[in-house]
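Chemist: here is my input, please return the structure:
(chains A and B)
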Amino acid sequence: MLDHLSYKTPTPKVIHGAKEDWELVIGLEVHAQVASKAKLFSGASTEFGSEPNSNVAFVDAAMPGMLPVINEFCVAQAVRTGLGLKAAINLTSAFDRKNYFYPDLPQGYQISQLYHPIVGEGEVIVDMGPGIARRVRIERIHLEQDAGKSIHDLDPTMSFVDLNRTGVALMEIVSRPDIRGPEEAAAYVAKLRQIMRYLGTCDGNMQNGNLRADVNVSVCRPGDYEKYQATGDHSVLGTRCEIKNMNSLRFIQAAIEYEARRQIAIVEDGGKVVQETRLYDPDKGETRSMRSKEEAHDYRYFPCPDLLPLEIEQEWVDDIAATMPELPDEKKARFVEGFGVTEYDADVLTAEAENAAFFEEVAKGRDGKQAANWVINELFGRLNKEGLTVDTTPVSAAQLGGMLDLIASGEITTKMAKDLFELLWTTEKGGNPAEVAQKHGMKQVTDTGAIEKALDDLIAANPDQVEKAKVNAKLAGWFTGQVLKATGGKANPAVVNQMVAKKLGLG
Amino acid sequence: MSELNNLTIAEARDALRKGETSATDLTMACLTAIDAADGLNAFVHKTPTLALEQARAADARLKAGDAPAMCGIPLGIKDLFCTKGVPSQAASNILSGFKPEYESTVTSKLFDAGAVMLGKLNMDEFAMGSSNETSCYGNAVNPWRRQGSNVALTPGGSSGGSASAVAADLCLAATGTDTGGSIRQPAAFTGITGIKPTYGRVSRWGIVAFASSLDQAGPMTKTVRDAAIMLQAMAGHDPKDSTSADLAVPDFEAALTGDIRGRRIGIPREYRMDGMPDEIEALWKRGTEMMRDAGAEIVDISLPHTKYALPAYYVVAPAEASSNLARYDGVRYGHRAKLAQGDGITEMYEKTRAEGFGHEVQRRVMIGTYVLSAGFYDAYYNRARKVRALIKRDFETVFAEGIDAILTPATPSAAFGLGEMADADPIAMYLNDVFTVTVNLAGLPGVAVPAGLDAQGLPLGLQLIGRPWEEGDLLNHAYVLERAAGFVSKPGKWW
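Modeler: So this is what the prediction gives:
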């Protein structure tokens, strides 16, 4: 996008404390479940919603003597994601063990990539409105195993464990602290989600926990962040707290807002923010302490001796790069330039790759702006209302395009088109727009003789209105409306307007 | 052939192929010997029904003329190997009652080749120990005794049950595993042959992990030829083990030409340890002369980082073990402690692991946890990794200079008495591994060959270390040594 469109940096969010103004500094660790049928180190299925403990291989259950074997497809997905974030791909990476005890972690360690991640530095452009975007730097992406699920509320004395999710591949996407407000944080996660959905590397279903975020928040005085940027010195920033495991964009915003205000209140009272891990309670709308830095686990990371360093070849990476789809930024820029749509509309149209493809089919060789209006307002509006998607739409791109052609050629009016759209959506599903229009007598009257007769009759019957219109030209619209009404909406409004002005001598 | 269980693999193979005996008869002979040898405590789970079933199947294959070398050969399997439906506990209470739903790659390969499993063999708990005394089943006993003494001796460890069973002719051969010397030291203590192959030669899949970057399975046999035959059946690439090498397995037995003329044998000066018993020194010297007499050139070499090997090993191995053993938590299988009212998950972990793990395992888990801890990682684990790289480089250097094999003692002493080390500093026990750990740290193949008896009539072994992936060549050197040493002694039967 930056190649084509230029952007301004958004203004950081400022919170007015009791004593002074404060800014936020935010960095995120996003855990994205790799879209893959099989787990990262076992062949077990990743299907969501299966019977508890049905998608569990011996490796996942950490049976004695079982060994992990890397799933090549998951590696390719991580590389693809890295390329989508314009990031450096590390041809050699390695897996480490992060050791801690929990019943839903059967091995007693999570296999992750602490020291040598597969993807290095990249960037994401986070759109914050037309002409405004934040460039968020990506520090790294690493592959790791998900844990299982502990269920504590099924029995008063026992806990249950479901290992279906154990060993599912995650990408942890770590940003730099470049995000400056709650809205930006949510927009950043939404943009990551959009890019990964374009790439097909993560389905981004936040409700199912396929995309979760840990958010690091600190506050600083205006100007401090610029000092940090200039020097790279974190100590000029405030102490951060990490809010764990959030799976809703709304909660992310609310939690950051709450957390920032909590920290500001502490500092303004002369206190010090304690570095700690916190949890967001959506019911109470507040964050609470989970564990302090002192209580933090010692994960005893060390290289996983069951796995050799992961070596990939540049050619393999190039092959993946060759199959990359057009990404949202590029597509958006192309829509603005090629179809003349507004940036706002381009945002809406490119939100999902499928939607963008639908729009392109409609707009190709037609008036892009008009196509955008119809796709966004009529089609998307209706789909949303009825809980449908472009994959299940009753009106196809070809039908909508055919309809736009009828408007463009003057065969039907815009009003008729709306009726035609309704017919195609309901009783005339799958019909050819031209044939349906004909069948239902939708034909714009361009015969000036008929329009003239209707107008002459009207003038003759309403001398008072004629006098009023001559005094106030705006009232001439009444005649246009009446003519359109008299012709059953089939007259071309432009032709009628012209004739009214002429007959009334309004020049 | 009255004493079928005394046969070597090669002898049995030939007899079976000629139809002079049957797998069933061989198996029966071994089962009888095993039942008469409870005093050795070598077998901890006997599987006679399975054994006879496998033997009958082997006989059918033999009859059909489809008989790989291991077909019909009765073996003992170290308890560290997961064997489907058969207790596999790594000699630990924490795996009490555990019967795997899967078969380790090594035992699968052996069974596919027609081998017969007689039962599971005693070992140190989780392969941690050098005397078999950390086993939850109580120690196995060495069939050898000092002349005129009835003091029970250790068979060594951790593969002590394997060594005891092979030396006492309870089976034709056994599987072992070697993380720091666990095949070679017990082999030396019991007068048998044991080879630890190159790391990655044999799949680790289905073998209970101790220290993943060091563990390697290998055969424990009565002769070098048997080691070649059995290793052949155990080795090979396994896609289920990412550290297993995708290399073809050469014909190891064919490599036993007995000709080492012109080969260069390195004698590392750093292995001449202070306080080394004269008998070991003398044995080493005799071995050197045997190699020279066979036409090899003897070269003094230096492996300068040898003295750091033992400390590095006792950082790396416990570090990996502390993580590998985290899965024994009482949640899914094996032992779970009875909990008191109000106990939570932490108490469940603590009580289960306190009850399930023996002292030596607990010690190593604690050492490993410590060396990986924040603030100590660089000082211990990372430094040990660096030392390990230097040790590997020492070997690479001498091999690059044209050394074909390295000859050293296998152990610093003959088998010691059970309980003799009970009050000693654990370090004294760890010193048993002083000649063997370097090989694991460098990932090289190493073989222990019986080379003589000490003054008390106990077997002593020599170790040969070879180039990576050249087990055949290494075994050929061992074969020369074996023939020259002419070790034919057997322990007198007292059990």
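
Chemist: burial count for residue 437?
Modeler: Picking chain A for this. If you count neighbours by other Cβ atoms under 10 Å in any protein chain shown, A:Ala437 ends up with 25. All C-beta atoms are positioned from the backbone trio N, CA, C, and that covers glycine.

Chemist: think we crossed wires, I meant chain B
Modeler: 25.

Chemist: wait, isn't it in contact with B:Asp178?
Modeler: No - taking Cβ atoms under 8 Å as the definition, B:Val437 is not a contact partner of B:Asp178, at 10.1 Å.

Chemist: what about B:Glu347, distance to chain A?
Modeler: From B:Glu347 across to chain A, the span is 12 Å (Cβ to the nearest Cβ, to the nearest Å).

Chemist: got the contact list for that residue?
Modeler: Shown in contact with B:Glu347 (Cβ atoms under 8 Å, 6 or more residues apart in numbering or on different chains): B:339-340.

Chemist: backbone phi and psi for it, please?
Modeler: phi -60, psi -40 (degrees, to the nearest 10).

Chemist: ok, the residue in the stretch 51-200 of chain B positioned nearest to chain A - contacts?
Modeler: For the stretch 51-200 of chain B, the residue positioned closest to chain A under Cβ to the nearest Cβ is B:Cys82, at a distance of 4.8 Å. Applying Cβ under 8 Å, 6+ apart to B:Cys82 gives the contacts A:63-65, B:88, B:100, B:102-104, B:107, B:206-208.

Chemist: cutoff 10 Å now
Modeler: Going by Cβ atoms under 10 Å, 6 or more residues apart in numbering or on different chains, B:Cys82 touches A:58, A:63-66, B:88, B:90, B:95, B:98-107, B:205-208.

Chemist: quick check: the residue in the stretch 351-495 of chain B that chain A sits nearest to vs B:Gly402, distance?
Modeler: Residue nearest to chain A within the stretch 351-495 of chain B (Cβ to the nearest Cβ): B:Leu372, separated by 3.8 Å. When distance is defined by Cβ to Cβ, to the nearest Å, B:Leu372 is 39 Å away from B:Gly402.

Chemist: and those two? Which one has more around it.
Modeler: Between B:Leu372 and B:Gly402, counting by other Cβ under 10 Å, B:Leu372 is the more crowded of the two (24 against 11).

Chemist: now that one: closest residue in space, sequence neighbours ignored.
Modeler: For B:Leu372, ignoring the flanking residues on the chain, the nearest one in space by Cβ to Cβ, 6 or more residues apart in numbering or on different chains is A:Arg300 at 3.8 Å.

Chemist: and A:Val189, how far from chain B?
Modeler: Going from A:Val189 to chain B by Cβ to the nearest Cβ gives 30 Å.

Chemist: assumed that residue was part of a helix.
Modeler: Yes - if the criterion is DSSP: H, G, I helix; E, B strand; the rest coil, then A:Val189 is within a helix.

Chemist: hmm, back to that, helices - which of the contacts of B:Cys82 land there?
Modeler: Judged by DSSP state H, the contacts of B:Cys82 include B:105-107 as members of helices.

Chemist: which of the residues you listed tops the neighbour count?
Modeler: Neighbour-wise, these (other Cβ under 10 Å) top out at B:Val106, 29 neighbours.

Chemist: enumerate every residue touching it.
Modeler: B:77-78, B:81-83, B:175, B:177, B:202-207, B:217-219, B:233-236, B:238 are the contacts of B:Val106 under Cβ under 10 Å, 6+ apart.

Chemist: make it 8 Å
Modeler: B:Val106 is in contact with B:81, B:175, B:202-203, B:206-207, B:217, B:234, counting by Cβ under 8 Å, 6+ apart.
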